[in-house]
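[1] what follows is a predicted protein model with its sequence.
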Amino acid sequence: MSLWARLWRDRTLLLLCLPGVLYFVLFFYVPLVGNVIAFKDYAPFLGVGDSPWVGLDNFTVLLSEPEFWTAVGNTLQITALQLLLYFPAPIALALLLNSIVGRHLRRFVQTVVYLPHFLSWVVVVAMFQQVIGGAGTVTSFLVEHNVNIGNLMSNPDTFKLLVTAQAIWKDTGWGTIIFLAAITSIDASHYEAAAIDGADWKRRLWHVTLPGIRPVILMLLILRLGDILSVGFEQMILQRQAVGVDASEVIDTYVYYHGVIDGKWGVSTAAGLMKGVIGAGLIYAANKLAHRFGEQGIYR
């Protein structure tokens, strides 16, 4: 069939997809044109077209600023902690939920762990402040028992672990949805065959469940690598004043404060462009690596 014949055949499906396609085109692809600001001395009153071209000067200024490298260092440290602690958390929780025999109990637990995802970061940070802040419930209880942990919400030394813990509490339950779907798609006969061969639950987990969801784990890991330099703008900006700039400055907050607040449009756009290029490169490299290990990845 010709292309036009296939388009006419699938016209209903294409019309259903049209709103989603328009959303991505208007809010994701069209704004990419604005990256040309990274190569200009952009002034809002002149516009993109009339602003003078400066080539790579913005990148030179960006790479010479100590604040940028502080933001990069904080971003990489938080990303490493999230890959080490946050990424495996939904997998472990999905395995635990799958082990619950009672259907009603499983649904109740799933509902409870999903709920924090729907809370805004303002609410989450406020809840943590009420629990482990200077006058929080846990902090006050420990002080009464002669254990002084201080104000964890304003401690720069533990801030990166704190934001990782907040992300785990908020989104781990929501992240289990895909892994639970992958686990339920595993053929039950594999578990029966392993049980007949004498495999206990640990061996069934290691030799049946984890290999069955490995393609999904690799796919989500590849997508996470593409977003590796984004560690939560709202979460950081809400706690920036409490812990200080040196501990909380990440690339997203650097772009906001230097671009929108200070008016360094070209330099901040250069930072955002570098972040996007590095993320795209990591996705491509990780996908190629997955192919070498015989996995599907996210595209062929």
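    Great, that's in hand.
[2] using the three-state scheme, assign Ile186.
    coil (DSSP: H, G, I helix; E, B strand; the rest coil).
[3] surely it and Thr209 touch.
    Yes: in this structure Ile186 lies within contact range of Thr209 using C-beta atoms under 8 Å: 6.7 Å. Backbone N, C-alpha and C define where each C-beta goes, glycine included.
[4] those two: which is more packed in?
    Each of Ile186 and Thr209 has its neighbours counted (other C-beta atoms under 10 Å); Thr209 has more, 21 against 15.
[5] can you tell me the closest non-neighbouring residue to that one?
    Excluding its sequence neighbours, the residue lying closest to Thr209 (C-beta to C-beta, 6 or more residues apart in numbering) is Ile183, at 6.3 Å.
[6] tell me which element the one you found falls in.
    helix 159-184 (DSSP states H and E).
[7] and the next helix or strand after that helix, what does it pack onto?
    Downstream of helix 159-184, the first helix or strand assigned by DSSP H and E is helix 188-196. Under the contact criterion of 3 or more C-beta pairs under 8 Å, 6 or more residues apart in numbering; DSSP states H and E, helix 188-196 touches helix 201-204.
[8] what's the average pLDDT for the helix it packs on?
    Helix 201-204 carries an average pLDDT of 84.
[9] tell me which residues are up against the next helix or strand after it.
    Following helix 201-204 in sequence order, the next helix or strand is helix 210-226 (DSSP H and E). With contact meaning C-beta atoms under 8 Å, 6 or more residues apart in numbering, helix 210-226 is reached by 83, 87, 91, 178-179, 182-183, 185-186, 190, 279-280, 282-283, 286-287, 290, 295-298.
[10] weed out the non-buried ones from those.
    Using 16 or more other C-beta atoms under 10 Å as the burial test, those include 87, 91, 178-179, 182-183, 279, 282-283, 286-287, 290, 295, 297 as buried.
[11] make CSV out of the residues you listed and add distance to Asp57, secondary structure and pLDDT.
    Formatted as CSV, the buried ones among the contacts of helix 210-226 follow (distance: C-beta to C-beta, whole Å; DSSP: H, G, I helix; E, B strand; the rest coil; pLDDT from 0 to 100):
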residue, distance to Asp57, secondary structure, pLDDT
Phe87, 38, coil, 90
Ile91, 45, helix, 91
Ile178, 44, helix, 89
Phe179, 46, helix, 90
Ala182, 48, helix, 88
Ile183, 52, helix, 88
Gly279, 24, helix, 83
Leu282, 27, helix, 83
Ile283, 29, helix, 83
Ala286, 32, helix, 81
Asn287, 34, helix, 80
Ala290, 38, helix, 78
Glu295, 42, coil, 72
Gly297, 38, coil, 70
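[12] closest one of these to Trp121?
    Trp121 lies nearest to Phe87 out of the buried ones among the contacts of helix 210-226, by C-beta to C-beta, at 19.4 Å.
[13] chain neighbours aside, what residue packs nearest to that closest one?
    Phe87 sits nearest to Arg224 (C-beta to C-beta, 6+ apart), 6.3 Å away.
[14] burial check on that neighbour, number of neighbours?
    Neighbours around Arg224, by other C-beta under 10 Å: 17.
[15] now do the one 3 residues further on
    Neighbouring residues of Asp227 were enumerated by other C-beta under 10 Å; the total is 13.
[16] before we move on, what about Leu7?
    Considering only other C-beta under 10 Å, Leu7 is surrounded by 11 other residues.
[17] element containing it?
    Element membership for Leu7 (DSSP H and E) is helix 3-9.
[18] hmm, who's touching the helix or strand following that helix?
    Per DSSP H and E, helix 3-9 leads on to helix 11-24 as the next helix or strand towards the C-terminus. Residues outside helix 11-24 that contact it (C-beta under 8 Å, 6+ apart): Leu7.
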